[in-house]
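Engineer: sequence first, then the predicted structure:
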Amino acid sequence: MSGTTQAAGWTREDMARRLAEDIPDGAYVNLGIGIPELVARFVPDDRTLIYHTENGLLGMGPSPDDGDGDPELINAGKRQVTALPGAAYFHHADSFAMIRGGHLDLSVLGALQVAASGDLANWSTGEPGAIPAVGGAMDLVAGVKNVFVITQHTTRDGKPKLVESCSYPLTGRGVVDRVYTDLAVVDITAEGFRLVELAPGLDLEFVQHRTGAPLLPPIAEQEATTS
Amino acid sequence: MSGTTQAAGWTREDMARRLAEDIPDGAYVNLGIGIPELVARFVPDDRTLIYHTENGLLGMGPSPDDGDGDPELINAGKRQVTALPGAAYFHHADSFAMIRGGHLDLSVLGALQVAASGDLANWSTGEPGAIPAVGGAMDLVAGVKNVFVITQHTTRDGKPKLVESCSYPLTGRGVVDRVYTDLAVVDITAEGFRLVELAPGLDLEFVQHRTGAPLLPPIAEQEATTS
Amino acid sequence: MIDKRVASAAAAVADIADGSSIMIGGFGEAGSPVELLHALIDQGAKDLTVISNNTGSGEVGLAALLKARRVRKVVCSFPKSANSTVFPDLYREGFTELELVPQGTLAERIRAGGAGVHAFYTPTAVGTPLAEGKESRVFDDREFVLEYGLRADVALIKGRAADTHGNVVYNKTARNFAPPMAMAAATTIVQVQETCEPGGLDPETVVTPGIFVDRVVAVAEPAHESALVAAGASYP
Amino acid sequence: MIDKRVASAAAAVADIADGSSIMIGGFGEAGSPVELLHALIDQGAKDLTVISNNTGSGEVGLAALLKARRVRKVVCSFPKSANSTVFPDLYREGFTELELVPQGTLAERIRAGGAGVHAFYTPTAVGTPLAEGKESRVFDDREFVLEYGLRADVALIKGRAADTHGNVVYNKTARNFAPPMAMAAATTIVQVQETCEPGGLDPETVVTPGIFVDRVVAVAEPAHESALVAAGASYP
């Protein structure tokens, strides 16, 4: 192993910033609850994204100032938000028509596990006695054009979250396009996980060691090696 | 035959008036093009009906005064209409959701043929070379709670339009509830055509003679006969 | 004269029978018809099936209906809430059954039920436990699950304003499930802050046409679930 | 900065390729995007498939596009008009094929295409010639026909006003097919009488959210088909 410190890698803010860089101007984006929500803070100033919240709003803005909110203007995480100029409200069937019909450009979600095939598990650990709750995750991954996952590379006890095959119940099969972790940016390709970028100071071996399936080198590097 | 004059029976206005009597207050009604449209003129003053036009309006009112119309406010017959207080506009998928979903109380349609089983043919004579055109008729008969047909009892050359089995292409199978003709009001029942009411001066035999399938006597009369 | 207004929430829900299926609008507290739910608790109908995105928070509104042990089954996408253990307790006890449906599939099944579409093929949930036991089919090399339209005996929803014909407009994201639910129930009951005569709403901006609405109840100042929960309220 | 406005109808339709499938809004003349249709005639794309409720009137708008022999197939519910023989002539000649679809099934197929619903079961047309050759199935003792979602390369629609994000509102019954078509096309082009900045439309009253719209063209005083036909106009 070329690095041993547990502190190596990106912070959550770094991860969100790195993901935000990859979102083109004008994209229609749905950000999941938790780390995905951070992404909105780091979108470069020269880009305008339009945020969709599946409970029925396009053109979602930030949280209101204290006291200015309306309990009936909330996001999918049930927190109060605002509506920006150019917003539109619609009902749930129309909102999920947008999702299922492939009209959104990007869904950013958290994950329990991502498989090398692009399978995603992010809604249930399958524990007996747990209350199953799925919300809109299965709809988002089935319908949105691009699905980015943002997650720690490993669980709190050090197990890989990028795996050969998900052990948790799936949210969708072959749906993830790219994963942003604290250690790396990883594409899902026909050949499996492929490294796009490493966090500063890390090398492929370090990240491979913390990944549950083969991690291919970046395309450019591979080409350089084989040419 | 108990009557021989061709002039016997109801006028179109009489037919429309007779049908209008059977529509309850507050009903949501779709009137087809032609004779069905006449019905609106004869609704008793103490009843309010709400008219649906399948191109996207509930609460349709009469034709506008000359010069007051909007070419973008039209009915299914593409004639200019008005919108009454309490009206709502909606798109075609929503409009036919109302129709297909069983939300309208009554559809009034013309007919080429009605079969004793309630089959309706009203969109095509199946002539070779004719341009087929169906519009919303198949949706209306498939979805609306009650389907009333208003039509002459026979064709111009005297052939029955109430028949054992339709020879023209069907609009729907087993969909008609009641037929209002110039000679009679006829229910479609599990046993076939059953007379509800005769036009003044006519008797069952006269109407039966002009009907292509057995015409049962009215329930009350039959009960009187058999008791 | 058409006038769908009824005098009170109690009158609006008076005839709901034991064993009814009831669609309840709302996503979280936005659009939750709290006053209609409380009237339903008072009314006493039991053995209900509830179709709703969530299972309520605290011990008010939908959570209170559950807590009163009136609901034997919920059809739902997200039956968890940070501040309510009502449903989890009933579920673990085995009193209330859960049919878990992805949120978009739930919305589309309700819309299909209201639109006379008997069933439809959707890509959502393919390959997941929520598609297990369901019919699936491949079209153009992609797999789809067959899902069925959903109807109910009653819908309880919340709007901002309605006219006497039952045309409804909503407030912001409180719209959520109400329009499709209004289409899918045999009897749709809406509580609104304001009622008006026909002509009081612009026909271009009506969201739910009156044909989908049976009863309108004015609740001028509806309670906000979050405020009730914050105050520690428990209904009844 | 998002700004979906384009300078002219010509610019809006410039990249429509031969062989494209094109949804065209309108029921009769209400909502027919006459200026976009005329621009498409000028542009020259041919071998088109047109999905539209009608086939136009006179020799303007959609009828003119047909008359220019640009359309090889129409998917349509009512291809007849009191004052146009354009489509009947092309149909009898065998130049333009017809797929006849019941009006509500057409609307629902378009909505399904836009909503990611691959196929659905409908009661409409069961037992009629329009169900022949189609898969059908009995659920709960009633027969339903399987119909498929419909998508297109382009939608040409007409609204009343739009903002630069592409949010659209309509005028009266001109709304008709436009909202589902906007959802079902890869590229949706709307002509409107007025454009405005974001914030110029009330978010509660937007009918077609901007996510469904790609290009907005201002046509301040659109021609009415009936007026053109009455004047004996023929395009080009």
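Structural biologist: That came in fine, so what should we check first?

Engineer: my guess is residue A:25 meets residue A:43, correct?
Structural biologist: No. Applying C-beta atoms under 8 Å as the test, residue A:25 and residue A:43 come out as separate, 9.3 Å apart. The way it works is simple: take the backbone N, C-alpha and C, and place the C-beta from them, glycine included.

Engineer: higher neighbour count, the two?
Structural biologist: Just comparing residue A:25 and residue A:43: by other C-beta atoms under 10 Å in any protein chain shown the higher neighbour count belongs to residue A:43, 20 against 12.

Engineer: so that one makes contact with residue A:20?
Structural biologist: Yes. Using C-beta under 8 Å, residue A:43 makes contact with residue A:20 at a distance of 4.8 Å.

Engineer: where do the helices sit along chain C?
Structural biologist: C:9-13, C:34-43, C:61-67, C:86-93, C:103-115, C:178-184, C:225-230 (DSSP state H).

Engineer: my reading is that residue A:15 lies in a strand. Confirm?
Structural biologist: No. According to DSSP: H, G, I helix; E, B strand; the rest coil, residue A:15 belongs to no strand; its state is helix.

Engineer: tally of neighbours for residue A:68?
Structural biologist: Neighbours of residue A:68 using other C-beta under 10 Å come to 9.

Engineer: same thing with residue C:3?
Structural biologist: 15.

Engineer: number of nearby residues for the residue nearest to it when sequence neighbours are not counted?
Structural biologist: Spatial nearest neighbour of residue C:3, excluding adjacent residues (C-beta to C-beta, 6 or more residues apart in numbering or on different chains): residue C:164 at 4.5 Å. Residue C:164: 19 surrounding residues under other C-beta under 10 Å.

Engineer: try residue A:71
Structural biologist: The burial count for residue A:71: 19, using other C-beta under 10 Å.

Engineer: ditto for residue C:149
Structural biologist: Quick note: residue C:149 (other C-beta under 10 Å) scores 22 neighbours.

Engineer: same thing with residue C:143?
Structural biologist: 15.

Engineer: for it, which residues are in contact?
Structural biologist: Residue C:143 is in contact with C:123, C:126-127, C:136-137, counting by C-beta atoms under 8 Å, 6 or more residues apart in numbering or on different chains.

Engineer: what subset of these is also close to chain D?
Structural biologist: residue C:123 (C-beta under 8 Å from any C-beta of the partner chain).

Engineer: just the closest of the contacts of residue C:143 to residue C:39, please.
Structural biologist: Set against residue C:39, the nearest of the contacts of residue C:143 by C-beta to C-beta is residue C:123 (39.7 Å).

Engineer: wait, the closest one sits on residue D:116?
Structural biologist: Yes. Residue C:123 lies in contact with residue D:116 (C-beta under 8 Å); the separation is 6.5 Å.

Engineer: of these two, who's got more company?
Structural biologist: Each of residue C:123 and residue D:116 has its neighbours counted (other C-beta under 10 Å); residue D:116 has more, 26 against 23.

Engineer: so in terms of bridging, what pairs with the residue nearest to the spatial centre of chain A?
Structural biologist: Nearest to the mean C-alpha position of chain A, counting by C-alpha atoms, centre = their mean, stands residue A:149 at 2.5 Å. Note on residue A:149: beta-bridge partners by DSSP bridges are residue A:109, residue A:179.

Engineer: just give me the neighbour total for residue C:205.
Structural biologist: A total of 16 residues lie near residue C:205 under the criterion other C-beta under 10 Å.

Engineer: please apply the same query to residue C:142.
Structural biologist: 12.

Engineer: against chain A, how distant is the closest residue to residue C:115 other than its chain neighbours?
Structural biologist: Distance criterion C-beta to C-beta, 6+ apart; nearest residue to residue C:115, sequence neighbours excluded, is residue B:97 at 3.5 Å. Remark: distance between residue B:97 and chain A (C-beta to the nearest C-beta, to the nearest Å) = 10 Å.

Engineer: check contacts around residue B:97.
Structural biologist: Listed by C-beta under 8 Å, 6+ apart, the contact set of residue B:97 reads B:103, C:111, C:114-116, C:183, D:108.

Engineer: what does the host helix or strand of residue A:20 contact?
Structural biologist: If you go by DSSP states H and E, residue A:20 is part of helix A:12-21. With contact meaning C-beta under 8 Å, 6+ apart, helix A:12-21 is reached by A:10, A:35, A:38-44, A:108, A:148, A:150, A:180-182, A:185, A:197, A:199.

Engineer: now do it, average pLDDT.
Structural biologist: What helix A:12-21 shows for mean pLDDT is 97.

Engineer: and that helix, how far out from the chain middle?
Structural biologist: 11 Å (C-alpha atoms, centre = their mean, to the nearest Å).

Engineer: coming back round to it: out of the contacts of residue B:97, which is nearest to residue A:136?
Structural biologist: Taking C-beta to C-beta as the measure, residue A:136 sits nearest to residue C:111 out of the contacts of residue B:97, at 15.2 Å.

Engineer: could you tell me which residues of chain A lie near chain D?
Structural biologist: Residues of chain A lying near chain D (C-beta under 8 Å from any C-beta): A:26, A:28, A:48, A:50, A:52, A:57-59, A:83-90, A:93-94, A:96-104, A:142-143.

Engineer: might you enumerate the residues of chain A proximal to chain B?
Structural biologist: Close to chain B, as judged by C-beta under 8 Å from any C-beta, chain A has no residues.

Engineer: quick one: the strands in chain A?
Structural biologist: Taking DSSP state E, the strands of chain A run over residues A:28-31, A:50-53, A:57-61, A:82-89, A:106-109, A:113-115, A:120-121, A:146-150, A:162-163, A:178-180, A:184-189, A:192-198, A:215-216.

Engineer: if we can go back for a sec, need the contact list for the residue nearest to the centre of chain A.
Structural biologist: A:108-111, A:114, A:120, A:122, A:176, A:178-180.

Engineer: next one: residue A:110
Structural biologist: Under the criterion of C-beta under 8 Å, 6+ apart, the neighbours of residue A:110 are A:32-36, A:122, A:149-151.

Engineer: most neighbours, which of these?
Structural biologist: Ranked by the number of neighbours (other C-beta under 10 Å), the contacts of residue A:110 place residue A:149 first, at 30 neighbours.

Engineer: quick one: that one from residue A:188, how far?
Structural biologist: 9 Å (C-beta to C-beta, to the nearest Å).

Engineer: can you give me the strands in chain C?
Structural biologist: C:21-24, C:48-51, C:71-76, C:97-100, C:119-122, C:136-139, C:142-148, C:152-158, C:161-163, C:168-169, C:185-192, C:194-196, C:215-218.

Engineer: per-residue confidence for the residue nearest to the centre of chain A?
Structural biologist: Predicted confidence (pLDDT) for residue A:149: 98.

Engineer: in CSV: the strands of chain C, plus mean pLDDT.
Structural biologist: Formatted as CSV, the strands of chain C follow (pLDDT from 0 to 100):
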stretch, mean pLDDT
strand C:21-24, 98
strand C:48-51, 98
strand C:71-76, 98
strand C:97-100, 97
strand C:119-122, 98
strand C:136-139, 98
strand C:142-148, 98
strand C:152-158, 98
strand C:161-163, 98
strand C:168-169, 98
strand C:185-192, 98
strand C:194-196, 98
strand C:215-218, 98
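
Engineer: I'd like those written out as a markdown table, with distance to residue C:30 added.
Structural biologist: Formatted as a markdown table, those follow (distance: least, C-beta to C-beta, whole Å):
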| stretch | distance to residue C:30 |
| --- | --- |
| strand C:21-24 | 13 |
| strand C:48-51 | 17 |
| strand C:71-76 | 16 |
| strand C:97-100 | 21 |
| strand C:119-122 | 25 |
| strand C:136-139 | 34 |
| strand C:142-148 | 25 |
| strand C:152-158 | 9 |
| strand C:161-163 | 16 |
| strand C:168-169 | 15 |
| strand C:185-192 | 14 |
| strand C:194-196 | 18 |
| strand C:215-218 | 19 |
